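this is a predicted model, with the sequence first.
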Amino acid sequence: MVLESTKIIRKLAGPIPVIFNDRLVDGTRSYKVWGWDIPDYNNALQALKSSGFSAKLVLFEGYSQRGRRQYIQPRIHVA
């Protein structure tokens, strides 16, 4: 079974990008797409909201030991 929100994300991402779709403890879904930047996530956010989903953009700060730098990882949380 493919969730409707996953279908929307996949349509925007295309067939090649890797999509991470995690179920959170509260039942919402968290999406991360390799190769996307903030404008791509904002486009997906608008598409999800126009389809009736409750969605928000969440930014996580992290540190890469390998790259020795800080980074920001955007995700979309969909209810």
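Structure received. Residues are numbered from 1 along each chain as shown.

helices of the chain, start to end?
Here the chain has its helices, by DSSP state H, at 4-13, 38-50.

which other helices and strands contact the longest one?
Taking 3 or more Cβ pairs under 8 Å, 6 or more residues apart in numbering; DSSP states H and E as the contact definition, the neighbouring helices and strands of helix 38-50 are helix 4-13, strand 29-33, strand 55-64, strand 69-78. The way it works is simple: take the backbone N, C-alpha and C, and place the C-beta from them, glycine included.

surely residue 30 meets residue 76?
Yes: with contact defined as Cβ atoms under 8 Å, residue 30 reaches residue 76; the gap is 7.3 Å.

surely residue 47 and residue 12 touch.
Yes: between residue 47 and residue 12 there is a contact under Cβ under 8 Å: 6.3 Å.

the closest residue in space to residue 79 that isn't next to it in sequence and residue 33: what is the separation?
Nearest residue to residue 79, sequence neighbours excluded (Cβ to Cβ, 6 or more residues apart in numbering): residue 54, at 4.2 Å. Separation of residue 54 from residue 33 (Cβ to Cβ, to the nearest Å): 19 Å.

center of this protein, which residue is that?
In the chain, the centroid-proximal residue (Cα atoms, centre = their mean) is residue 31; its distance is 3.0 Å.

who's it bridged to?
Beta-bridge pairing of residue 31 under DSSP bridges involves residue 21, residue 76.

give the contact list for it.
5-6, 9, 19-21, 44, 75-78 (Cβ atoms under 8 Å, 6 or more residues apart in numbering).

fine by me, we can end here.
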